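# build the 3D model from these lines:
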Amino acid sequence: MIVYSHPDCLLKDNGFNHPERKERITSIIESIKKQNELNVEFKESPLANLDTVFLVHPQNHIKKIFSNIPKKGLIGVEKEPYADTMLCPNSERAILRACGAGIAAADDLINKNDRIFCAVRPPGHHAETMKAMGFCFINNIAVAAKYLQSKHKVNKIAIIDFDVHHGNGTQEIFYNDKTVAYGSTHESPLFPGTGLETETGVGNIFNAPLKAGTEAREFIRIFEKKILRPIDKFKPEVILISAGFDAHFRDPLANINLESENYHEITKLIIELSNIHSGGRVISFLEGGYDLLALSESIKQHLLALKK
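I've put the predicted structure just below:
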């Protein structure tokens, strides 16, 4: 198994007491290094090639984001009082490393037939074509999907998102794209307020909103019925995972009651589906997860299920 990360991802500063902080990555890496059974190869994320980023986000949009990066201090990209998607002086390299991990992972997936986890920040699934939000600037998983299609001629890709927040950006990017299926479980109502079951795209979008307080057995039942079954019918050639771990009962930003071990079962179900349709080809991207203990324990379970 390959794990991509980079020290530049630690330099992204969101300010005091912000939930999306560098310790998320350091706790993950420390946890992985303690697991001898994982047999992990660590690789440093390259900087994403901007031409690849432009497969998803227009050039003028990305240039505008980078032109707003301050020389010192922090700037929020949203209007007050909702400014929690922050730019700091080191933002550009962190953003491009986070995106570059998925691009390099796509090459490894095809050329080495290995499974990969991208332990990077900032996350990506809230980033829309022309809008940075929800701690996200570039939609890392969407760029990787488009790169797999353009460079490696992969036709059908499924993106499975078990973050507790709906991946509005990923849905928006692929809403009218029959070659990409997007399936999401997420608490509702909750930020960003999208992800109703009636949002179906061109028959390629599968949303499963969950009530606050949902327990693990109910979560997994809904996940199998409303996400995995339709993606089974889609028959993807590659599966990409938006792996957020904030549906854990310890997480401070939501109210779903998964435990760390449940992420092993959820991941195994995805792997079983990938073995049927995709030759076991899976890349996982870190999204949310804001309690450090829950995050490190859940990542361990996720990777144990992900390994070949």
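# give me the longest helix you can find in this protein.
When the chain is parsed with DSSP state H, its longest helix is helix 91-112.
# now it: buried residues?
The neighbour-count check on helix 91-112 (16 or more other CB atoms under 10 Å) flags 91-106, 108-109 as buried. C-beta: built from backbone N, CA, C; applies to glycine.
# one more: stretch 134-143?
134-143.
# check stretch 174-192 too.
Buried residues in stretch 174-192, counted by 16+ other CB under 10 Å: 174, 177, 180-188, 190-191.
# ok, of these, which one's closest to residue 73?
residue 191 (25.1 Å; CB to CB).
# retrieve the pLDDT associated with the closest one.
With respect to pLDDT, residue 191 scores 96.
# residues near the nearest residue to it once chain neighbours are set aside, how many?
Using CB to CB, 6 or more residues apart in numbering and skipping the chain neighbours, the partner closest in space to residue 191 is residue 165 (5.7 Å). Residues within reach of residue 165, counting by other CB atoms under 10 Å, total 29.
# make 43 the first number, not 1, from now on.
Got it, first residue is 43 now, which makes that one residue 207.
# just the strands in the stretch 143-292 of the chain please.
Secondary structure of the stretch 143-292 of the chain (DSSP state E, counting those that start in this stretch): strands at 158-160, 199-203, 222-229, 247-252, 280-285.
# could I get those strands as TSV with mean pLDDT and distance to residue 67?
Conversion of the strands of the stretch 143-292 of the chain to TSV gives the following (pLDDT from 0 to 100; distance: least, CB to CB, whole Å):
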stretch	mean pLDDT	distance to residue 67
strand 158-160	98	11
strand 199-203	98	20
strand 222-229	98	23
strand 247-252	98	27
strand 280-285	98	14
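# and residue 293, which of those strands is closest to it?
Going by CB to CB, the one of these nearest residue 293 is strand 222-229, 10.2 Å.
# returning to what we had before: let's have the strands of the stretch 143-292 of the chain in CSV, adding distance to residue 125.
Formatted as CSV, the strands of the stretch 143-292 of the chain follow (distance: least, CB to CB, whole Å):
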stretch, distance to residue 125
strand 158-160, 26
strand 199-203, 25
strand 222-229, 23
strand 247-252, 27
strand 280-285, 24
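# hang on, residue 337 packs against residue 71?
No. With contact defined as CB atoms under 8 Å, residue 337 does not reach residue 71; the gap is 11.4 Å.
# compare the two (neighbour count), which wins?
Each of residue 337 and residue 71 has its neighbours counted (other CB under 10 Å); residue 337 has more, 26 against 17.
# my guess is residue 114 contacts residue 131. True?
Yes. Assessed by CB under 8 Å, residue 114 is found in contact with residue 131 at 6.1 Å.
# out of these two, which sits in the busier spot?
Neighbour comparison, residue 114 and residue 131: the larger count goes to residue 131, with 14 against 6 (by other CB under 10 Å).
# what pairs with the residue most central in space within the chain across the strands?
Centroid-nearest residue in the chain: residue 284, 3.1 Å away (criterion: CA atoms, centre = their mean). Residue 284 has these beta-bridge partners by DSSP bridges: residue 203, residue 327.
# list the contacts for it?
166-167, 183, 201-205, 209, 212, 226, 327, 329 (CB atoms under 8 Å, 6 or more residues apart in numbering).
# mind running it again at 7 Å?
By CB atoms under 7 Å, 6 or more residues apart in numbering, the residues touching residue 284 are 167, 183, 201, 203, 205, 209, 212, 327, 329.
# ok, and the most crowded of those residues?
residue 209 (34 neighbours).
# go ahead and confirm that residue touches residue 203.
Yes. If you go by CB atoms under 7 Å, residue 209 and residue 203 touch, sitting 4.5 Å apart.
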